[in-house]
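A.B. asks: Could you look at this predicted model? Sequence included:
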2 protein chains.
Amino acid sequence: MEIGIYGLGRFGFFWADILSNHFKVKGYSRNPLRNAPAGVERVDEDEVLKTDTLFLCVSISSFAGVLKRIGGKIDQGTVVIDTCSVKVYPVTIMRNSLPEKSGIIASHPMFGPDSAKDGIKDLPIILWPVRKADGEFKFWADFFKRIGLRVIKMEPDRHDREAAFTQGITHYLGRVIADLDLHESEIATVGYKKLLEIMNQTCNDPWQLFVDLQRYNPHTGEMRERLHESLDKIMRLLDDRQRPEL
Amino acid sequence: MEIGIYGLGRFGFFWADILSNHFKVKGYSRNPLRNAPAGVERVDEDEVLKTDTLFLCVSISSFAGVLKRIGGKIDQGTVVIDTCSVKVYPVTIMRNSLPEKSGIIASHPMFGPDSAKDGIKDLPIILWPVRKADGEFKFWADFFKRIGLRVIKMEPDRHDREAAFTQGITHYLGRVIADLDLHESEIATVGYKKLLEIMNQTCNDPWQLFVDLQRYNPHTGEMRERLHESLDKIMRLLDDRQRPEL
């Protein structure tokens, strides 16, 4: 079986590298300067679209444009698996853009080069069989379990809701803290050190991923609204008028 | 040497317990139902005020009232050490309320029963010699080092500024997250788990301590203002009008 990786950015490179330990992997990037990992064959767009399983590793914001261009060119026998950090949006696009016969699986590998630097064991991957790919869904679920991942079958909308109030809020606060330009301190408490860790981890991801996570998840708007409400509520409870004079 | 602990709340009990492994310790609480730890003698207010070194373990918001009442009754030979989580405010109160001959040391043990549950090794304690207590300052700095603490000599105002932008911001965000009622999730990322840890740790402390840390530190107002500015800035950058329609 031939695996194709469409997009060799930070995540695509990492993902191609992992899969190449187990499959013959072909990688494509529109950017001619991007390298493929050792063991992954760099191919052109037409060739990557002929693979048996095609993982889409492009940014969420370019997803619709890419699918519009390649949707009609993908081999009917190819199973397409996206890897976006939101799920309702790319699933809708794939359903609308891919030939009716193409199998579709939604996936969200909830890790990347940073969180997996000590190995992928027990890291979570979300999977959902979108269309005509029951056999392939079982194959990939079994494979990911075998290499140590924690496979979670979850509907796209439930994924997006949970993600908004876990990953989404964490990244949002991470960016806010980064904007505050906080720094190490000799009087740092355990909790503060954790806050700095969240910031550093968040800000290793590209800014575009952060923006996409917030914009293309239908539940992050509510999350941000509730976050602001809670902030304002705590602020009111601390009303400065009650601060004592020295 | 006799040590007095004034106040046997959550921190005073913990502090009396630690010191009683090394000194004869007398503990006082205005609340007759409060116990002293085993090895600490429960005494009345007059007796605790006659000890050689008196640690004040009362809440920041009751600090001025307590000092007003006991200031004139404290033995002139007694060295008074506060343990408040802010420093400029209690130092000012102590200077104004204690007899001119009394030695004063400011301290902030930056830990408590939770963060020290696996021992106090390497935990930080801030010290500052406020008045007429150079010998005692050296004694206590040496003692705290000997039992494994990390002793940091820092001026009260610098302490408060650093604390506002480390401990203060962490507690503030911890309370905000708690108000959002976030919960465990099977798709929790490493960063999100850290956020929950911060929340749980913050909310183990009494609400009054949180309010006091925010109200009695002269720099937390600026911290909260800058936090809100950064939140609004990130929010603007994500302007919902740019969100795509499905």
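C.D. replies: Sure, I can see it. From a predicted model like this one, the values you see are computed outputs, not experimental measurements. Residues are numbered from 1 along each chain as shown, chains lettered A, B, ... in the order given.

A.B. asks: Pop the domain breakdown of chain A in here.
C.D. replies: Chain A resolves into domains spanning A:2-154, A:158-242 when parsed by automatic domain parsing.

A.B. asks: Kindly present these as TSV, with separate columns for distance to chain B and mean pLDDT.
C.D. replies: Quick note: C-beta positions are derived from backbone N, CA and C, even for glycine. Shown next, in TSV, are the domains of chain A (distance: least, CB to the nearest CB, whole Å; pLDDT from 0 to 100):
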stretch	distance to chain B	mean pLDDT
domain A:2-154	5	96
domain A:158-242	4	90
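
A.B. asks: Can you get me a residue count around the closest residue to A:Ala106 other than its chain neighbours?
C.D. replies: Spatially, and ignoring its direct neighbours in sequence, A:Ala106 is nearest to A:Trp128 (4.3 Å; CB to CB, 6 or more residues apart in numbering or on different chains). Applying other CB atoms under 10 Å in any protein chain shown, we find 19 residues neighbouring A:Trp128.

A.B. asks: got the phi/psi numbers for A:Trp128?
C.D. replies: phi -150, psi 130 (degrees, to the nearest 10).

A.B. asks: need the contact list for it.
C.D. replies: Contact partners of A:Trp128, counting by CB atoms under 8 Å, 6 or more residues apart in numbering or on different chains, are A:87, A:91, A:105-107, A:153-156, A:159.

A.B. asks: Next, give phi and psi for the residue nearest to A:Leu237 when sequence neighbours are not counted.
C.D. replies: Among residues not flanking A:Leu237 along the chain, B:Val211 sits closest, at 7.5 Å (CB to CB, 6+ apart). B:Val211 adopts backbone torsions of phi -60, psi -40, taken as degrees, to the nearest 10.

A.B. asks: By residue count, what's the longest helix in chain A?
C.D. replies: The residue-count maximum for a helix in chain A (DSSP state H) belongs to helix A:220-237.

A.B. asks: Mind giving me the packing neighbours of that one?
C.D. replies: Using 3 or more CB pairs under 8 Å, 6 or more residues apart in numbering or on different chains; DSSP states H and E as the contact criterion, the elements in contact with helix A:220-237 are helix A:169-179, helix A:207-215, helix B:169-179, helix B:220-237.

A.B. asks: ok, the most centrally placed residue in chain A to A:Val176 distance?
C.D. replies: The centroid of chain A falls nearest to A:Ser85 when counting by CA atoms, centre = their mean (3.0 Å). Counting by CB to CB, to the nearest Å, the gap from A:Ser85 to A:Val176 is 19 Å.

A.B. asks: now swap in A:Ile60 and tell me
C.D. replies: Counting by CB to CB, the gap from A:Ile60 to A:Val176 is 21 Å.

A.B. asks: One more: A:Leu231?
C.D. replies: 10 Å.

A.B. asks: What ranges does chain A have for its helices?
C.D. replies: Going by DSSP H, chain A shows helices at A:10-19, A:45-48, A:60-70, A:88-97, A:134-146, A:156-163, A:169-179, A:190-204, A:207-215, A:220-237.

A.B. asks: Contacts made by the fourth one with the rest, please.
C.D. replies: Same thing as helix A:88-97. Applying CB under 8 Å, 6+ apart, the external contacts of helix A:88-97 come out as A:56, A:60, A:63-64, A:67-68, A:71, A:80, A:82, A:84, A:104, A:106, A:128, A:130-131, A:156-157, A:159-160, A:216-218, B:244, B:246.

A.B. asks: Please check those residues and keep the buried ones.
C.D. replies: A:56, A:60, A:63-64, A:67, A:71, A:80, A:82, A:84, A:104, A:106, A:128, A:130-131, A:156, A:159-160, A:216-218 (16 or more other CB atoms under 10 Å in any protein chain shown).

A.B. asks: Nearest residue to A:Ile187 in space, please, no chain neighbours.
C.D. replies: B:Glu162 (5.2 Å).

A.B. asks: I figured that neighbour hits A:Ser185, correct?
C.D. replies: Yes: with contact defined as CB atoms under 8 Å, B:Glu162 reaches A:Ser185; the gap is 5.2 Å.

A.B. asks: which of the two has more neighbours?
C.D. replies: B:Glu162 (20 against 17).

A.B. asks: and that one, what does it touch?
C.D. replies: A:185-187, B:154.

A.B. asks: A:Gly9 too?
C.D. replies: A:29, A:34, A:57-59.

A.B. asks: How about A:Ala178?
C.D. replies: A:199, A:202-203.

A.B. asks: I'd say the residue nearest to the centre of chain A and A:Pro109 touch.
C.D. replies: No: with contacts counted by CB under 8 Å, A:Ser85 stays clear of A:Pro109, the gap being 9.1 Å.

A.B. asks: Now the common contact residues for the two.
C.D. replies: In contact with both A:Ser85 and A:Pro109: no residue, using CB under 8 Å, 6+ apart.

A.B. asks: one step back: make a markdown table out of the contacts of A:Gly9 and add neighbour count.
C.D. replies: Shown next, in a markdown table, are the contacts of A:Gly9 (neighbours: other CB atoms under 10 Å in any protein chain shown):
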| residue | neighbour count |
| --- | --- |
| A:Ser29 | 21 |
| A:Arg34 | 15 |
| A:Cys57 | 25 |
| A:Val58 | 23 |
| A:Ser59 | 18 |
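
A.B. asks: Next, give me the two most distant ones among the residues you listed.
C.D. replies: When CB to CB is used, the two most widely separated members of the contacts of A:Gly9 are A:Arg34 and A:Ser59, lying 13.7 Å apart.

A.B. asks: and the nearest residue to A:Glu184 once chain neighbours are set aside, how many neighbours does it have?
C.D. replies: In this structure, A:Glu184 finds its nearest non-sequential neighbour in A:Leu196, 7.1 Å apart by CB to CB, 6+ apart. For A:Leu196, the neighbour count with other CB under 10 Å is 19.

A.B. asks: Over to A:Lys138?
C.D. replies: A:Lys138: 11 neighbours (other CB under 10 Å).

A.B. asks: what does the longest helix of chain A rub up against?
C.D. replies: In contact with helix A:220-237 (CB under 8 Å, 6+ apart) are residues A:164-165, A:168-169, A:172-173, A:213-214, B:172, B:175-177, B:179-180, B:211, B:224, B:227-228, B:231, B:235, B:238, B:240, B:243.

A.B. asks: Report the buried members of those.
C.D. replies: A:164-165, A:168-169, A:172-173, A:213-214, B:172, B:175-177, B:179-180, B:211, B:224, B:227, B:231, B:235, B:238.

A.B. asks: just to revisit the earlier point, ok and the longest helix of chain A relative to helix B:169-179, angle-wise?
C.D. replies: 120 degrees (axes from the mean of the first three to the mean of the last three CA atoms, to 10 degrees).

A.B. asks: I'd like the distance from helix A:220-237 to the chain centre, please.
C.D. replies: Mean-position distance between helix A:220-237 and its chain equals 26 Å (CA atoms, centre = their mean, to the nearest Å).

A.B. asks: Now do the buried residues in it.
C.D. replies: Neighbour-count burial for helix A:220-237 [16+ other CB under 10 Å]: A:220, A:223-224, A:226-227, A:230-231, A:234-235.

A.B. asks: How about stretch A:93-113?
C.D. replies: A:93-94, A:97-98, A:102-112.

A.B. asks: Mark which of the residues you listed are part of strands, please.
C.D. replies: Of the buried residues of stretch A:93-113, the ones assigned to strands by DSSP state E are A:103-109.
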